[in-house]
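1. Model the following, please.
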Amino acid sequence: MRLLLSFLLVVVPLVSKAQHGYGNQWIFGRFSSPNPSGTLLSFNSSPLKIEPIEKPMELESSCAIMCDSVGKLLFYSNGCYIANSTHQMMTNGDSIGQGYLESSFCKTGGNPLIQSIIALPKPGSKHLFYLIYPDLGNPYYLQPFFPLAPVTLYYTVIDMSLENGLGAVVEKHQIILQDTFARGMIQAEQHANGTDWWVIMPKSHSNCYWTFLVSENGVDTIFKQCLGRTWNDNDPTGQAVFSPDKLKYARFNFSNGLNLFKFNNHSGLFSDPSHFDFEQDTFYHSGAAFSPNSRFLYACAYNKVWQFDTWEEDLSISRTLVGELVTPSGTQYPTRFNQARLAPDGKIYISGTGQHRHLHVVRRPNCEGLQCDLQQYAIELYADNGYTLGNMPNYIHWNNTDTCQAVGVKPIALNNENDIRIYPNPIREALQVEISDFQGGEYSMTIFNILGQRLLSFAIRQPVTELDLSGLSRGIYYYALQNKHLIRSAKLTKM
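-> Predicted structure coming up:
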């Protein structure tokens with residue numbers, strides 16, 4: 001167990017020159033939203049551009065989005081049909097959903113399974129792209145499980161050189177393999193050769209993972225590997241994700257816990273499985289994301305966000321609570337902590353559940369503990385969002401030697417370090433907080449124990465505030481002073 005570090009030197013991380021813009025545009029928006037019906041987040045410039053869009057497609061749970069290598073939007077899909085960059089149905093892009101998807105879900109939205117579709121650029125081609133997705137069958141009829149689950153995995157090929165650059169489907173519903181699959185969690189990572197793709201699809205009710213290679217020759221090298229924890233029937237929620245260095249794979253949900261594997265991107269094989277249960281937490285929706293340097297794994301658990309240090313031999317020892325949901329008054333729909341994704345700007349964005357209009361942001365994910373600076377309700381969307389954050393692989397090759405760094409912008413601070421006085425330290429009964437440049441607003445002071453668990457929270461509404469800490473026992477604690485942004489965090493000793 002380690003203590004939280006002091007603030008480190010803030011520098012902008014170095015990114016490999018092999019970066020691509022394939023994942024630079026994210027689309028949100030449910031059918032139920034009034035005008036506008038969607039939101040577009042563009043990472044093609046800094047700062048992030050957020051704008052309203054009009055689109056007929058419902059994005060409830062599943063969403064695959066593809067841009068070209070410089071970040072221009074090409075197409076996206078909800079698992080039922082494919083839309084082009086004008087948000088209209090692509091030529092021959094109808095009826096992607098098969099089985100119960102087509103008959104029961106596509107008429108009212110999209111594929112209800114999270115991470116159930118993914119798009120990839122075809123290796124060796126500038127204009128061909130793969131869309132990989134399952135159907136939804138009824139394999140567990142008359143069995144003591146939820147009856148529906150995928151039974152066939154397909155790919156469709158899209159040619160963006162057709163229809164004046166708007167694209168068209170040229171191969172459709174090509175079968176990759178058939179089995180009973182988990183309800184979602186398709187994920188992909190680049191092969192060590194830098195061009196091909198490994199695609200992972202978990203098998204249902206097992207500890208097995210189907211793996212296949214996407215290369216310039218098509219889809220091949222299909223094999224199954226079985227190791228780690230066996231998953232139960234509660235698998236419709238959660239998230240699977242690879243680390244940016246391509247060496248780790250995590251799969252997480254409320255019922256089956258956090259599962260971490262080493263990954264060999266030469267062979268596509270997993271090894272050294274580890275597991276962490278979340279028995280003490282009650283939640284249903286969940287997500288996961290790695291920091292750009294691949295060290296820290298963030299586990300989103302409905303009302304909490306936990307950080308794990310994957311450099312520790314014992315994963316459980318490193319668990320630190322870095323955020324507990326605090327919804328601003330007047331917010332119509334709380335944005336829980338659900339799906340998470342590392343963005344091209346090096347920050348981690350977290351979406352909510354069901355219906356919400358905000359995203360949370362981890363501004364410094366390479367930093368340990370509270371230094372990661374989780375900002376709740378940081379991004380406001382133009383339209384209601386569902387469960388999705390878009391499913392895509394890592395396209396950017398981050399410098400994995402980076403430690404604690406800001407990404408793009410520095411932490412918010414007052415005009416001068418001397419504007420803040422927090423004393424005495426050590427304390428006996430009370431802590432004084434003085435903000436000489438106080439300009440109003442909602443400041444807060446939170447006290448954590450050394451495990452990162454929140455113990456006390458105080459609202460700071462005036463330049464000088466005395467906080468009663470007499471209820472704390474003797475020991476080491478940490479405080480965080482915030483005003484939407486993390487302003488200061490440090491160790492606190494109680495005598």
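
2. Tell me how far residue 466 lies from residue 429.
-> The gap separating residue 466 from residue 429 is 10 Å, by C-beta to C-beta, to the nearest Å. Bear in mind the C-beta positions are built from the backbone N, C-alpha and C, glycine included.

3. er, residue 369 I mean
-> Taking C-beta to C-beta, one finds residue 369 at 26 Å from residue 429.

4. So for the two, which sits in the more crowded spot?
-> Using other C-beta atoms under 10 Å as the criterion, residue 369 and residue 429 rank with residue 369 on top: 22 against 13.

5. Could you check how far the more buried one is from residue 298?
-> Where residue 298 is concerned, residue 369 sits at a distance of 12 Å (C-beta to C-beta).

6. list residues touching both of these two?
-> Counting by C-beta atoms under 8 Å, 6 or more residues apart in numbering, the shared contacts of residue 369 and residue 298 are 307, 322.

7. who does the closest residue to residue 343 other than its chain neighbours bridge with?
-> Using C-beta to C-beta, 6 or more residues apart in numbering and skipping residues adjacent in sequence, the residue nearest residue 343 is residue 349, 5.5 Å away. On the basis of DSSP bridges, residue 349 is bridged to residue 341, residue 361.

8. wait, isn't residue 349 in contact with residue 339?
-> No - with contacts counted by C-beta atoms under 8 Å, residue 349 stays clear of residue 339, the gap being 9.0 Å.

9. Of those two, which one has the most company?
-> Between residue 349 and residue 339, counting by other C-beta under 10 Å, residue 339 is the more crowded of the two (27 against 22).

10. pLDDT wise, what is the more buried one at?
-> If you check residue 339, the pLDDT there is 96.

11. tell me which residues form a beta bridge with residue 118?
-> Counting by DSSP bridges, the residues bridging with residue 118 are residue 132.

12. who's in contact with it?
-> Listed by C-beta under 8 Å, 6+ apart, the contact set of residue 118 reads 64, 131-133, 186-188, 199, 391-393.

13. What are the boundaries of the strands in the stretch 1-150 of the chain?
-> Assigned by DSSP state E, counting those that start in this stretch, the stretch 1-150 of the chain shows strands spanning 25-28, 38-42, 49-53, 64-67, 73-77, 82-84, 118-121, 128-134.

14. To residue 460, which of those strands lies closest?
-> Closest of those to residue 460 is strand 49-53, at 29.4 Å (criterion: C-beta to C-beta).

15. Tell me which strands that closest one pairs with, and in which orientation.
-> In the sheet, strand 49-53 lines up against strand 38-42 (antiparallel) (DSSP bridges).

16. avg pLDDT for the strand it pairs with?
-> Rounded mean pLDDT across strand 38-42 is 96.

17. can I see the domain layout of the protein?
-> 25-385, 417-494 (automatic domain parsing).

18. Report the distance from the last one to the chain centre.
-> Same thing as domain 417-494. Averaging C-alpha positions (C-alpha atoms, centre = their mean, to the nearest Å) puts domain 417-494 30 Å from its chain's average.

19. same question, the first one
-> Chain-centre distance of domain 25-385: 8 Å, with C-alpha atoms, centre = their mean.

20. name the helices or strands packed onto the helix or strand harbouring residue 188?
-> Using DSSP states H and E, residue 188 sits in strand 187-190. Using 3 or more C-beta pairs under 8 Å, 6 or more residues apart in numbering; DSSP states H and E, the elements in contact with strand 187-190 are strand 118-121, strand 197-202, strand 239-242.

21. Buried ones in the first one, by neighbour count?
-> Of the residues in strand 118-121, 118-121 count as buried by neighbour count, 16 or more other C-beta atoms under 10 Å.

22. quick one on the thing from earlier: so how far is residue 119 from the residue nearest to residue 343?
-> For residue 349 relative to residue 119 (C-beta to C-beta), the value is 19 Å.

23. now swap in residue 374 and tell me
-> 29 Å.

24. Over to residue 84?
-> 13 Å.

25. Please apply the same query to residue 397.
-> 19 Å.

26. How many residues are close by residue 140?
-> For residue 140, the neighbour count with other C-beta under 10 Å is 16.

27. That should have said residue 275, apologies.
-> Counted with other C-beta under 10 Å, residue 275 comes out at 13.

28. And for residue 132?
-> Residue 132: 24 surrounding residues under other C-beta under 10 Å.

29. Residue ranges in the stretch 1-150 of the chain under the pLDDT threshold?
-> Low-confidence segments of the stretch 1-150 of the chain (pLDDT under 70): 1-19, 31-34.

30. just the helices in it please.
-> 100 (DSSP state H, counting those that start in this stretch).

31. Which two of the buried residues of strand 118-121 have the greatest separation?
-> Pairwise distances across the buried residues of strand 118-121 peak at 11.5 Å for 118 and 121 (criterion: C-beta to C-beta).

32. Brilliant, that's me finished.
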